[in-house]
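**Student:** need a 3D model of the sequence below.
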Amino acid sequence: MAVTDLEALGDAYDEARLRETEARLKMLKAEKAAKTARAAHAKAEKACDAARNRWLTAYRAATEGDGEDGSE
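**Tutor:** Numbering: from 1, shown residues only. This next block holds a predicted model:
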């Protein structure tokens, strides 16, 4: 095999390795973004639950004794 053939194969390998490294970096960034999105979703879900619980508590207090809750 000629030296130029070996150089061409080496260059092709270097290029393939670079593409693989770039793809791995993109994947890691995507995984980090997904983790951040999951955390934001969990935080929003907790806030929604807390707001619903506050509303429900206030609603029950406001309707207590009104007969609107069906417990006349």
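**Student:** switch to C-alpha atoms for all contacts and neighbour counts from now on
**Tutor:** OK.
**Student:** and residue 56, what element?
**Tutor:** helix 3-63 (DSSP states H and E).
**Student:** now do that helix, average pLDDT.
**Tutor:** On average, the pLDDT along helix 3-63 is 97.
**Student:** distance from that helix to the middle of the chain?
**Tutor:** Chain-centre distance of helix 3-63: 5 Å, with C-alpha atoms, centre = their mean, to the nearest Å.
**Student:** elements contacting it?
**Tutor:** Packing partners of helix 3-63 (3 or more C-alpha pairs under 8 Å, 6 or more residues apart in numbering; DSSP states H and E): none among the helices and strands.
**Student:** switch to numbering from 15
**Tutor:** Noted, 15 is the first residue going forward, which turns the last one into helix 17-77.
**Student:** which residues sit in contact with residue 37?
**Tutor:** By C-alpha atoms under 8 Å, 6 or more residues apart in numbering, the contact set of residue 37 is empty.
**Student:** count the neighbours of residue 78 for me.
**Tutor:** 13 (other C-alpha atoms under 10 Å).
**Student:** do you know how far it is from residue 64?
**Tutor:** 21 Å (C-alpha to C-alpha, to the nearest Å).
**Student:** and for residue 24?
**Tutor:** Residue 24 is 60 Å from residue 64, by C-alpha to C-alpha.
**Student:** before we move on, what about residue 19?
**Tutor:** 67 Å.
**Student:** residue 71 too?
**Tutor:** From residue 71 to residue 64 the distance is 11 Å (C-alpha to C-alpha).
**Student:** what of residue 76?
**Tutor:** For residue 76 relative to residue 64 (C-alpha to C-alpha), the value is 18 Å.
**Student:** could you do residue 33 as well?
**Tutor:** Relative to residue 64, and taking C-alpha to C-alpha, residue 33 is found at 47 Å.
**Student:** kindly report the same for residue 20.
**Tutor:** Residue 20 is 66 Å from residue 64, by C-alpha to C-alpha.
**Student:** next: residue 16.
**Tutor:** Taken as C-alpha to C-alpha, the span from residue 16 to residue 64 is 72 Å.
**Student:** looking at those two, which is more packed in?
**Tutor:** residue 64 (12 against 7).
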